[in-house]
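Asks: Pasted the sequence and its predicted model underneath.
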Amino acid sequence: MDTLQHLVTEQRNERTLDLSELSIKEIIHIMNDEDGKVAEAVRQALPEIEAVIARIVQALEQGGRLVYIGAGTSGRLGVLDASEIPPTFGVDPQTVEALIAGGEGAFVTAVEGAEDDEHQGALDLESRQLNAKDILVGLAASGRTPYVKGALQYARQIGAFTAAVACNRNSILGKYADIAIEVEVGPEVLTGSTRLKAATAQKMILNMLTTTAMIKRGKVYQNLMI
């Protein structure tokens, strides 16, 4: 039976076992210390990040799209990143797209159970007419979200390049992706609240993926947005 207990993202942080008893000052200092570990964790995955960016550039050059898919916080981060690309780089909104489990409304209000529907991940990609020119990046802090797994499986079946971004090593999603970006940031300050360090790591990675890809596609002059 698949459980969450073995995942680092779900384990208890030894530094915060008395979190509810700490002062405001103590809490934010610990949070700041823990956040300081994220950038170094992302650094360890730079070779995989570089490889995915190269494939994104190649896909865009061939008329394909970068498509993010995720659930919950991970899905929202994908939507956030995709929505910023047209105004930042002056490209078509279809250049970078994002899907979130439960549909657009789930960006604001959680849709219970949506992330557990493996079949829906494939259906959502089919409705967006994902094709072999595109690159799909699946996002999940746990690295096991069924909705994203189904999407990655579908993308591979139709010949699209796939990548997974997770915050646990040897993730389930990594096994269904051509390249796995796995950044282990350690247990959260608040147990299981992956909107904290795990989300910060994912946001940093998405920043790199799209910003660097757009630079290499000629959408930047010196260090200025065009």
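Replies: That came through, no problem.
Asks: C-alpha only now, for contacts and for neighbours.
Replies: Noted.
Asks: distance between stretch 150-168 and the chain's centre?
Replies: Relative to its chain's centre, stretch 150-168 lies at 12 Å (CA atoms, centre = their mean, to the nearest Å).
Asks: buried residues in it?
Replies: 150-156, 160-168 (16 or more other CA atoms under 10 Å).
Asks: any idea of the mean pLDDT for it?
Replies: For stretch 150-168, mean pLDDT rounds to 98.
Asks: mind exporting that stretch as CSV, just the C-alpha atoms?
Replies: The C-alpha coordinates for stretch 150-168 follow below in CSV (Å, rounded to 0.1, in the frame of the first residue of the first chain):
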residue,chain,number,x,y,z
GLY,A,150,-1.7,10.0,-15.5
ALA,A,151,-0.7,13.2,-17.4
LEU,A,152,2.9,12.1,-17.7
GLN,A,153,1.9,8.6,-18.9
TYR,A,154,-0.4,10.1,-21.6
ALA,A,155,2.3,12.6,-22.7
ARG,A,156,4.8,9.8,-23.2
GLN,A,157,2.3,7.7,-25.1
ILE,A,158,1.8,10.4,-27.7
GLY,A,159,5.6,11.1,-28.0
ALA,A,160,5.9,14.4,-26.0
PHE,A,161,9.0,15.0,-24.0
THR,A,162,8.3,14.8,-20.2
ALA,A,163,9.9,16.2,-17.1
ALA,A,164,8.9,15.9,-13.4
VAL,A,165,9.6,18.3,-10.6
ALA,A,166,9.4,16.8,-7.1
CYS,A,167,10.8,17.4,-3.7
ASN,A,168,11.5,13.7,-2.8
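Asks: Next up, the contacts around Gly72.
Replies: Residues near Gly72 by CA atoms under 8 Å, 6 or more residues apart in numbering: 100-101, 106-107, 110, 115.
Asks: and those as JSON lines, adding distance to Arg128?
Replies: Below are the contacts of Gly72 laid out as JSON lines (distance: CA to CA, whole Å):
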{"residue": "Ile100", "distance to Arg128": "12"}
{"residue": "Ala101", "distance to Arg128": "14"}
{"residue": "Ala106", "distance to Arg128": "17"}
{"residue": "Phe107", "distance to Arg128": "18"}
{"residue": "Ala110", "distance to Arg128": "22"}
{"residue": "Glu115", "distance to Arg128": "18"}
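Asks: so of those residues, which ones are in strands?
Replies: Ile100 (DSSP state E).
Asks: Show the buried residues in the contacts of Gly72.
Replies: By 16+ other CA under 10 Å, the contacts of Gly72 give 100-101, 106-107, 115 as buried.
Asks: Need the max-distance pair from the residues you listed.
Replies: Greatest spatial distance among those (CA to CA): Phe107 and Glu115, at 12.8 Å.
Asks: Identify each of the helices in the protein and give its residue range.
Replies: Taking DSSP state H as the criterion, the chain contains helices spanning 24-35, 38-43, 46-61, 72-89, 118-127, 146-157, 197-216.
Asks: and those, which is most packed in?
Replies: Comparing the helices of the chain by mean neighbour count (mean count of other CA atoms under 10 Å), helix 146-157 comes out on top with a mean of 24.
Asks: what's the spacing between that one and its chain's center?
Replies: Counting by CA atoms, centre = their mean, helix 146-157 comes out at 14 Å from the chain centroid.
Asks: so what's the nearest residue to Phe161 once chain neighbours are set aside bridging to?
Replies: Leaving out its chain neighbours, the residue that sits closest to Phe161 by CA to CA, 6 or more residues apart in numbering is Ile135, at 4.8 Å. Residues in a beta bridge with Ile135, per DSSP bridges, are Leu66, Phe161.
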